[in-house]
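A.B. asks: take a look and give me a structure for this.
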Amino acid sequence: MKRLTMSLFAARAVFASRAGGSRPSSQVVASAVALLLAGASALLGQAAVAAPAATRQVWPVIEALAIAPDSPGARRFQAHHAEAIGRPAQFGQGGPWSWYAANFSALGTPPWAIKHQDITVDLNATKGTLQTKLLVTFEFNEAADQLQLVTGAVKTATVVGPAGAKIESKLTALSGMSLLAITLPDPATPGVNITLEVNTLADLDCSPEGIGLRPCGLGGTFQWVTFHRYFLQAAMMGHAPFTSDLHVLTPAGKVAGAPGLASGPDTLPDGRLVYHFKQVERTDNAGFAIASYDPYISKLAGGQPLRVYAAGKYVPYADDLAKLVIDVTSWYGERFAKFPWSSLNIMQLENNFGGGYAPLSAVFMFRDVFAAQPGTGYWEETVELTAHEVGHQWWGNYVEPYTSGDVALSESLAEESSCWYTEKTLQSRQQMIGNHLSYLYTVPGNQDIAVGSQNVYGSPHYVPVVYHKGSAVFDMLRELIGDEAMAKGFALYTDGFGRDYAKLNDLRLAMEQAAGVKLDWFWQQWLFKTAPIQAEVSGRLAGQGDKLAVRLRFAQATPKRFTVAVTVDYADGTQLVAPVEVIPQGEAPVVVEVPVKAAPVRVRLDVQRRLLRMWATATPGDFNLSGLVDGADLVEMAVRHGRAVRVFGKSGQPFFYGDTSWNELYDLQPDLRVDMTDVETFAGWVGTESEQF
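C.D. replies: Residues are numbered from 1 along each chain as shown. Model (predicted):
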């Protein structure tokens, strides 16, 4: 990339005329900043000079910075990280441990499958055990006498046949799981279903403490099992869901919550209670929770039952959360598809911070979400997290990602949906801008990975890549094709792949049909390649009279195609916002023009941060892109002075802090802070004119 150069002597001479004949000290420059803030914007007006011969670093060297503790960004990051590490891994098509929640045309016809499970679970928190009785109905497409099944790590398992006779079985311990091999006394007949009774006993090693979405918790207030497979799944058939009836035994005075249509309780002779949950959809993504819940019962806009399970001091706030869930599901229903399930249950868990878990027709979320109230500081974060988890009822449940490389169809879409919702209802892009910055400033370039990579699960930066970059990519798509086309594309996508599996390119085809444009370049550039936009920008005023135009030049190290909103501010207070398409041809810089009615006061690029990008001025300090570094630019520098995207803790450890007002243009000595080193660098360029182009 070509660098502008000018004589360092000339640069010093320009400022010397204003600072007593020598290069100004930091104190002198700081005084100049103060004066300019008082209104002396023309103090440094000066004729153009030639360029200095100096090599400069353009982009900051990004370290793997931690998120600043206790910041809103940290809580959002923890929520996403908790959700990400909690979900069982997807190993792609046919993988045995996949958590997919549908079983339709993409699966073909297996030799045999589980049709239905009637599951009774008895959680003993005192002993830390889980006793399960399953009535499992199998359907056969081929004759078979061997059944290979997986479940959670269990100590014992017995199998009983339809006539009450014990069936031969073998239990083998796997990594955190158990393999149950069943030998039928006679080969099953194709087309004839059989039901076996399977009884298991498992020791649960889990805790409610700490931050993170844990598989289970045995605290005194909340007890839950989410990821532990208390049910059976067909081994070596990763996509093999089923319908179910779940029965949860609880002590007297306790209430159970789980996915599905809720009923009960029934009372047992020993005084314990049994709560029932019918899942009429095929799924193998489930969980349950037990606490002293006081369920808040309402209805979604489509009439489906909604239950919010909160306990103790959180009960009075359940109606606020219920109203939020009703609004989110209605909003999504207007844009994606009507809420696709027969009910929705929201369960409270123990941990203070962290994320949520969204099996089909349910959401488990951590405790503090249930204490938030509209108008309080934590409410916006609650809206963000709730909208994300509810989004999974469409993305990840209604339409399933087909392979591990398609995880963006679950997590990225759920996060983009949440950002879209908060942008429209809270009138704020803070959530999305935070996602932009999280990816840009926490993922080192040499550790970046494509959102659509089959290996993205193995990345140490899985969360900022998939949740934050992925959502930013789909946000850019919405900006490119418009809200209306985006919603139409989602409607086509859900219509074609509801209750089925999809790949990233299936979404592309739906969006192309909705928008009437080809998007293969967008998919390749943003989902299958790495890196954001990194562009050095030059500005000049071209033409004369009534034929004026702002001329912009974009030079990129790794050329990317994009459309940028150029905002032109005039002296009379009016403004022009013009979309400009940048289409590189090889590595050569791209020059574009924007017709203007008069000489602008300033020109700004991507004010709303719609692009995943880092800008730099090819003429350092020409922030208003006028083509000349002058006093107006110093005013701009003064306004931005003191901003940073990282702060230092007591130990000196650098942390990332998502300051959504951050503007990287002013970081002339790129170290993630705008300080006196940047002011001094600016001083060396005062009076410099951008080269002609």
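
A.B. asks: and the pLDDT at the spatially most central residue of the chain?
C.D. replies: Closest residue to the average C-alpha location of the chain: Y467 at 2.5 Å, with C-alpha atoms, centre = their mean. We have a pLDDT of 97 for Y467.

A.B. asks: just W99 next, same as before
C.D. replies: Looking at W99, its pLDDT reads 35.

A.B. asks: could you do D406 as well?
C.D. replies: 94.

A.B. asks: related to what we said a few turns ago, mind listing what the residue nearest to the centre of the chain touches?
C.D. replies: Y467 makes contact with 80, 84, 411-412, 415, 435, according to C-beta atoms under 8 Å, 6 or more residues apart in numbering. C-beta here means a position set from N, CA and C on the backbone, and glycine is covered the same way.

A.B. asks: let me know how buried H80 is, in neighbour terms.
C.D. replies: Other residues lying near H80 total 27 when counted by other C-beta atoms under 10 Å.

A.B. asks: name the nearest residue to it, ignoring sequence neighbours.
C.D. replies: Nearest in space to H80, with sequence neighbours left out and distances taken as C-beta to C-beta, 6 or more residues apart in numbering, is Y467 at 4.4 Å.

A.B. asks: assign that neighbour to helix, strand or coil.
C.D. replies: Here Y467 is recorded as helix under DSSP: H, G, I helix; E, B strand; the rest coil.

A.B. asks: ok, now how distant is it from A68?
C.D. replies: 18 Å (C-beta to C-beta, to the nearest Å).

A.B. asks: can you check Q131 too?
C.D. replies: Per C-beta to C-beta, Q131 is found 45 Å from A68.

A.B. asks: neighbour count winner among the two?
C.D. replies: Set Q131 next to A68 and count neighbours by other C-beta under 10 Å: A68 wins out with 22 against 18.

A.B. asks: just the CA atoms of the host helix or strand of E484, as PDB, please.
C.D. replies: Per DSSP states H and E: E484 is located in helix 483-497. What follows is helix 483-497, C-alpha atoms only, in PDB (Å, rounded to 0.1, in the frame of the first residue of the first chain):
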ATOM      1  CA  ASP A 483     -35.200  -4.500   6.300                       C
ATOM      2  CA  GLU A 484     -38.100  -5.500   4.100                       C
ATOM      3  CA  ALA A 485     -36.000  -7.800   1.900                       C
ATOM      4  CA  MET A 486     -34.300  -9.300   4.900                       C
ATOM      5  CA  ALA A 487     -37.600 -10.200   6.500                       C
ATOM      6  CA  LYS A 488     -38.900 -11.600   3.200                       C
ATOM      7  CA  GLY A 489     -35.800 -13.700   2.900                       C
ATOM      8  CA  PHE A 490     -36.200 -15.000   6.400                       C
ATOM      9  CA  ALA A 491     -39.800 -15.900   5.700                       C
ATOM     10  CA  LEU A 492     -38.700 -17.800   2.500                       C
ATOM     11  CA  TYR A 493     -36.000 -19.500   4.500                       C
ATOM     12  CA  THR A 494     -38.200 -20.700   7.300                       C
ATOM     13  CA  ASP A 495     -40.900 -21.700   4.800                       C
ATOM     14  CA  GLY A 496     -38.400 -23.900   3.000                       C
ATOM     15  CA  PHE A 497     -36.500 -25.300   6.000                       C
END
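
A.B. asks: can you list contacts of that helix?
C.D. replies: With C-beta under 8 Å, 6+ apart as the test, helix 483-497 has contacts from 334-337, 340, 394, 398-399, 477-478, 481, 502, 506-507, 510-511, 513-516.

A.B. asks: what's D145 sitting at in phi/psi?
C.D. replies: For D145, the backbone dihedrals (degrees, to the nearest 10) come out as phi -130, psi 0.

A.B. asks: around it, how many other residues sit close by?
C.D. replies: Neighbours of D145 using other C-beta under 10 Å come to 11.

A.B. asks: so who does it touch?
C.D. replies: Applying C-beta under 8 Å, 6+ apart, the residues near D145 are 183-188.

A.B. asks: okay, and which of those residues map to strands?
C.D. replies: 183-188 (DSSP state E).

A.B. asks: any chance of these in CSV, plus neighbour count, distance to K488 and pLDDT?
C.D. replies: Putting the ones in strands among the contacts of D145 into CSV (neighbours: other C-beta atoms under 10 Å; distance: C-beta to C-beta, whole Å; pLDDT from 0 to 100) gives the following:
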residue, neighbour count, distance to K488, pLDDT
T183, 12, 53, 97
L184, 17, 50, 95
P185, 10, 56, 93
D186, 7, 54, 92
P187, 12, 51, 93
A188, 21, 46, 93
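
A.B. asks: distance to K529 added to the residues you listed, as a markdown table?
C.D. replies: Output for those, formatted as a markdown table (distance: C-beta to C-beta, whole Å):
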| residue | distance to K529 |
| --- | --- |
| T183 | 50 |
| L184 | 51 |
| P185 | 56 |
| D186 | 56 |
| P187 | 51 |
| A188 | 49 |
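
A.B. asks: what is the most widely separated pair among these?
C.D. replies: Distance extremes for the ones in strands among the contacts of D145: the farthest pair is T183 and A188 at 11.6 Å, using C-beta to C-beta.

A.B. asks: burial of the residue lying closest to T530 once chain neighbours are set aside, as a residue count?
C.D. replies: Take T530 and drop its neighbours on the chain: the residue closest to it by C-beta to C-beta, 6+ apart is D448, 4.1 Å away. Around D448 there are 18 other residues, counting by other C-beta under 10 Å.

A.B. asks: which residues touch D448?
C.D. replies: Applying C-beta under 8 Å, 6+ apart, we find D448 in contact with 461, 465, 530-531.

A.B. asks: list buried residues within these.
C.D. replies: Among the contacts of D448, those scoring as buried are 461, 465, 530-531 (criterion: 16 or more other C-beta atoms under 10 Å).

A.B. asks: re the thing from before, among the contacts of helix 483-497, which ones are buried?
C.D. replies: Taking 16+ other C-beta under 10 Å as the criterion, what is buried in those is 335-337, 340, 394, 398-399, 477-478, 481, 502, 506-507, 510-511, 514-515.

A.B. asks: which of these fall in helices?
C.D. replies: In this view, the buried ones among the contacts of helix 483-497 that belong to helices under DSSP state H are 335, 477-478, 481, 506-507, 510-511, 514-515.

A.B. asks: of all the residues you listed, which comes closest to K424?
C.D. replies: Nearest to K424, judged by C-beta to C-beta, of those is R335 at 10.1 Å.
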